[in-house]
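Undergrad: After the sequence you'll find the predicted model.
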Amino acid sequence: MPLKDAETSMSLERYNPREMEPHWQKVWDDQQSFVVKDGDTRERYYVLEMFPYPSGRIHMGHVRNYALGDVVARYQRARGKNVLHPMGWDAFGLPAENAAIERGMNPGIWTRQNIEAMRAQLKSMGLSLDWTREVATCEPDYYRHQQAMFLDMLEAGLVTRKQSKVNWDPVDMTVLANEQVIDGKGWRSGAPVEQRELTQWFFRISDFAEELLSAIDGLTEWPEKVRTMQRNWIGKSEGLKLLFALEATEKTATTSIEVFTTRPDTIFGASFIALSPDHPLTGELAAGDPALAEFVAECHRHGTATETLEKAEKQGYFTGLSVAHPVKPGQTLPVYVANFVLMDYGTGAIFGSAGHDQRDLEFARKYGLPVIPVVLPPGADPQTFTIGEEAYTDTGTIFNSAFLDGLSIEEAKKTIADHFASLRVDGRPQGTVEVNYRLRDWGVSRQRYWGCPIPVIHCEACGTVPVPKKDLPVVLPDDVAFDKPGNPLDHHPTWKHVDCPQCGRPARRETDTMDTFVDSSWYFVRFTAPHADTPTVPEETNAWMPVDQYIGGVEHAILHLLYSRFFTRAMKITGHLGLDEPFKGMFTQGMVTHETYKAGDGRWLSPEEVRVELVEGERQAIEVATGRPAQIGSIEKISKSKRNGIDPDEILKTYGADTARWFMLSDSPPERDVQWTEAGVEGASRFQQRIWRLVGESVAIAEQFSEIEAGVDDEDALALRKIVHRAVKQVGDDIEGLRFNRAVAQIYELANALARYVGLVSPAPAARCAALAEGVERLVQLIAPMMPHLAETCWQTLGKQGLVCDAAWPAVDPAYLVDDTVTLPVQVNGKRRAEITVAKGSAQTAVEELVLSLEPIARMLEGKAPKKIVVVPDRIVNVVV
RNA sequence: GCGGGCGUGGUGGAACCGGUAGACACAAGGGACUUAAAAUCCCUCGGCCACAAGCCAUGCGGGUUCGAGUCCCGCCGCCCGCACCA
């Protein structure tokens, strides 16, 4: 192998990512390779990964997320698209305030320092980002537009102010999110959390429930799982609002109770009415009934803790009231208050149909109420059918129900709806068909400092007055103290004191700030015009939007995506852009996991603290510090508590960005969890060196045949051409389908084929050299979206002009994708016994004849004639005996 | 409980529309090179069988089909989301 000798010096040199990666990052920076150019008329492509919270350090989840997105971005660039691939910071939020409280640091300073540190980390990953478009939501330049849009939306009736219940921490004097309430106590103070009524700002997202639901059908490039989660969250149900007339009583002046039901067909099986503990009538009755008041208080105590209780027992309190049975004249139904009835769903009151609802059944059994079956399962005997421990919720025929008897459930629902529509209670139709949604309005008020100020002023004379747009932004003060509980904005000596913009008299600023979900509900829009004086530039924004491919964690599948879908619509209504759906393609990646290790005394050990060895074929962990064996535990999501985290910085320093990126893309399908392993990273690193050697070994040939002249391919050259062109086709298809693990496998196969082929170019017929030259060049282009630094280095080594990140994705010659022969497996009774290679499109009879002449087939037939021969042209042959 | 998803070698995973199960990688074992190690290269690698032939294998049990990892029915197990939603 004469060529190999010539290249020895080259191949001895190991590829050094530590040296090359910063080099290429600087080149890309200097050449502004990934900056969107004005006036670029090519087809646009917008790829976006969820922007990070600036905690100070990137984690492996970020590495995976941004590695995935960068492949798409670089691939689409190579495909000739004008690619927008920006990055920013979800920079408001609670951790900054915690840092302020715990370390006395100003939230703004803390956040901006973190952004600096994380930006440097992201840059070391070699991502093809347009950093000129960077935004941080905590900067007035960003949030002033959010305030302006809030005012527009307020004016358009999309924002409202109303009372709402919150979790109030009486020690920290702050509102807690549900996940900050642990066993009914505040997560920091440990004080019992109270339910308080506060006046809060809301976006009227529930008005859009139907629209947000039906538009999900059009989101065909979203994971089915996410679409289902959104549908469930919106929670549409169709039913009947039904009025029950109260029997006369001195306890209340109320004359009727309104319930919501999705099963009006079971009305003849009704056995009780149940009110929510929060129902207005409950409150009224409790005022004159201490025992009821105590029952309600008990329900509230359970309220927050119930989440942990698997199955709270059904409990009720009989109010002493009763209502007229709406279809059984002369009969009445008792009215209870029950702990399982929710106030914020439906009307806060239900009728119990014990035979056909499990909860109602449990309740009825407990309080000795009648259980009347009214739906007969198919084939059951109406004389003997009874309800035992299980309510019957399946299909069937209505019985025991007078004029509904014999109808199907659906028919009965219609009939009974018509029946009640024509009757009147309290002068209203007794029954109205109703559609209910679980989705509630989006409360955005937070009693916190580090968020976007809500731009309104409260004036005693004028009420709630919007801050005039000319006075925006309402900027957060820097001089805040966190020395006492509560909202620092509230304690600030001057900030909240302003004159009313309408009447000029002293007034008070709103001190609540916005939920950080608002910040992230439009950042993807801001990226389309990040420096504009207005929130958007509609021509630019509409040209870029929607995001072609959005990538992020499944933990944001519901709220962030739903709020963003709502906010985009709200921005359309207020004239800031012209579309409804922000994300055309959505992809949710899996988590990064790692083994856990535990010392003998139960301490969690981090991966750096253990050494894993093979002892008699078994993996055994040793704690480095003590030399004692440690236990290898389960594979878990990387977390601080289990100490199984891997620091991306260490990986990037040790192996380089390309290796980390390659590992993240290999093996595991991106939507599934990936297990980070030392062995896997080593493998990725070895492959990087292998490519480098391969390029080194073939560079002399490649230089000679850089034009890739076609010549006449001999058999070997043709075979390689086919492999190369197929790989290009496959890798392209796999990247477009986000099947990166398959693309990686394809690249391995190509590299294997090329490595075998290097030996074949001696004594170097031109056609073979040209095929090899092409193959190596293509290999470099195929790895370029995944290992961009290595690819640039190879590209340069091969003597190619320009940067590989600017090179066009290679064209596929379809001639190399087709074969003129085809190998058919030959089965006998569906089991493979042999194979034949025939010309493509061979006649069926010729194939049959050939098959029967095969030795293994003849042996199986034992001289008998086959019953049948199935020939699927160019696919398979099956001989049936 | 409801909704969704998934069960394939020692491991991660391939397998298109029902057509050669296990691509590719990791781990492991053996060999070459080396004073030695690392790196690299070559070979083996689902099970039974000494080999070949053959048989058994895609969670379990049925079914449809010339042919099932793939489709249908019934179980079992795991994961995720929502959860007293009337």
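TA: Yes, it's here.
Undergrad: Retrieve the pLDDT associated with the most centrally placed residue in chain A.
TA: Using Cα atoms, centre = their mean, the residue of chain A that lies closest to the mean C-alpha position is A:Val554, 2.8 Å off. A:Val554 is assigned 86 on the pLDDT scale.
Undergrad: what do you get for A:Ile708?
TA: Looking at A:Ile708, its pLDDT reads 54.
Undergrad: same deal with A:His725?
TA: In this model, A:His725 carries a pLDDT of 94.
Undergrad: which residues are in contact with whatever helix or strand it lives in?
TA: According to DSSP states H and E, A:His725 maps onto helix A:715-736. For helix A:715-736, the surrounding residues in contact (Cβ atoms under 8 Å, 6 or more residues apart in numbering) are A:71-72, A:75, A:711, A:713, A:740, A:742-743, A:746-747, A:749-750, A:753-754, A:757, A:760, A:765, A:767-768, A:770-772, A:774-775, A:778-779, A:781-782, A:785, A:809-810, A:812-813, A:816-817, A:819. Yep, even glycine has a C-beta here, placed from its N, CA and C like the rest.
Undergrad: ok, it near RNA strand B or not?
TA: No: on the criterion Cβ under 7 Å from any atom of the strand, helix A:715-736 is out of touch with RNA strand B, staying 8.5 Å away.
Undergrad: and the next helix-or-strand element following that helix, how far from the chain's centre?
TA: Following helix A:715-736 in sequence order, the next helix or strand is helix A:740-758 (DSSP H and E). Its chain's C-alpha centre and that of helix A:740-758 lie 32 Å apart, by Cα atoms, centre = their mean, to the nearest Å.
Undergrad: Which positions within the helix or strand following helix A:740-758 qualify as buried?
TA: Toward the C-terminus, helix A:740-758 is succeeded by helix A:766-783 as the next helix or strand (DSSP H and E). Neighbour-count burial for helix A:766-783 flags A:767-783 (criterion: 16 or more other Cβ atoms under 10 Å).
Undergrad: The longest helix along chain A: which residues count as buried?
TA: Ranked by number of residues, the top helix in chain A under DSSP state H is helix A:678-704. Buried residues in helix A:678-704, counted by 16+ other Cβ under 10 Å: A:680-681, A:683-685, A:687-688, A:691-702.
Undergrad: Tell me, how many residues neighbour the residue in the stretch 401-550 of chain A that RNA strand B sits nearest to?
TA: Nearest residue of the stretch 401-550 of chain A to RNA strand B: A:Arg438, at 3.8 Å (Cβ to the nearest atom of the strand). A total of 16 residues lie near A:Arg438 under the criterion other Cβ atoms under 10 Å.
Undergrad: Hmm, A:Leu342 and it touching each other?
TA: No: using Cβ atoms under 8 Å, A:Arg438 is not in contact with A:Leu342, being 9.9 Å away.
Undergrad: returning to that earlier point: from the contacts of helix A:715-736, pick out the ones that also neighbour RNA strand B.
TA: Restricting the contacts of helix A:715-736 to contacts with RNA strand B (Cβ under 7 Å from any atom of the strand) yields A:Arg742, A:Glu749.
Undergrad: Just give the closest residue to the closest residue to RNA strand B within the stretch 1-150 of chain A, not the sequence neighbours.
TA: The stretch 1-150 of chain A approaches RNA strand B most closely through A:Arg14 (7.5 Å), counting by Cβ to the nearest atom of the strand. Nearest non-adjacent residue to A:Arg14, counting by Cβ to Cβ, 6 or more residues apart in numbering: A:Gln689, 6.2 Å away.
Undergrad: just A:Gly186 next, same as before
TA: A:Asp169 (3.9 Å).
Undergrad: For the one you found, grab the count of nearby residues.
TA: Quick note: A:Asp169 (other Cβ under 10 Å) scores 24 neighbours.
Undergrad: likewise A:Leu213?
TA: A:Leu213 has 17 neighbouring residues, counting by other Cβ under 10 Å.
Undergrad: Run a quick neighbour tally on the residue nearest to it when sequence neighbours are not counted.
TA: Leaving aside its chain neighbours, A:Leu213 sits nearest to A:Ile234 (4.7 Å; criterion: Cβ to Cβ, 6+ apart). Per other Cβ under 10 Å, the neighbour tally for A:Ile234 reads 22.
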